[in-house]
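# what's the 3D shape of this:
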Amino acid sequence: MTMTDPIADMLTRLRNASAAKHVTVDMPYSKFKANIAEILKREGYIKDFTAKEAKVGQTLEVTLKYGPNGERSIQGIKRISKPGLRRYAKSDALPMPLGGLGIAIISTSSGLMTQKECLDRGIGGEIVAIVW
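Next up is the predicted model:
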């Protein structure tokens, strides 16, 4: 069975695993998902991620991060641009989740980056997801 939106599947797996207090979560690998995981790691939402060989292709294993009392690092994660309705924004109209406390993941011509990096470079793009 083919998936129509693998990015939404990744975000749902992260959301569900975080809510269930799992240590790791596995998902099918792609470069785009690995770039999203790199941004989440750099911004402190996950501990680490690795690409593993599977029976068919590769698997992306994400290690989730929790606070000292077990509070989740990812309180919420939402897909914005969907296959049926793409959402784009110019550099001066990028979203600021929770007034700048969260991040927006933007797909630009220079690769994936956060809204803060887009503002610094003055470029816009497709709003992939927001995380808080």
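# residue contacts, K78?
Counting by Cβ atoms under 8 Å, 6 or more residues apart in numbering, K78 makes contact with L11, A129, I130, V131. Every residue, glycine included, has its C-beta placed from N, CA and C.
# give me the element it is part of.
In the assignment (DSSP states H and E), K78 maps to strand 77-79.
# out of the contacts of K78, who's nearest S107?
Minimum separation from S107 among the contacts of K78 (Cβ to Cβ) is found for A129, which lies at 9.8 Å.
# A strand includes the closest one, no?
Yes. The assignment for A129 is a strand, going by DSSP: H, G, I helix; E, B strand; the rest coil.
# wait, D48 sits on R42?
No. Between D48 and R42 no contact is recorded; they are 11.4 Å apart, counting by Cβ atoms under 8 Å.
# so who does the closest residue in space to I130 that isn't next to it in sequence touch?
Setting aside the residues directly before and after it, I130 is nearest to P97 in space (Cβ to Cβ, 6 or more residues apart in numbering), at 4.4 Å. Contacts for P97 (Cβ under 8 Å, 6+ apart) come out as I103, A104, I130, V131, W132.
# one step back: so can I have JSON lines of the contacts of K78 showing pLDDT and neighbour count?
Rendered in JSON lines, the data for the contacts of K78 read as follows (pLDDT from 0 to 100; neighbours: other Cβ atoms under 10 Å):
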{"residue": "L11", "pLDDT": "97", "neighbour count": "22"}
{"residue": "A129", "pLDDT": "98", "neighbour count": "23"}
{"residue": "I130", "pLDDT": "97", "neighbour count": "19"}
{"residue": "V131", "pLDDT": "97", "neighbour count": "25"}
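# And those residues, which two are furthest apart?
By the measure Cβ to Cβ, the contacts of K78 have their two most distant members at L11 and I130, which lie 10.0 Å apart.
# partner residues bridging A51?
Residues found in beta-bridge contact with A51 (criterion: DSSP bridges) are L60.
# check contacts around it.
For A51, the set of contacting residues under the criterion of Cβ under 8 Å, 6+ apart consists of Y29, A34, Q58, T59, L60, E61.
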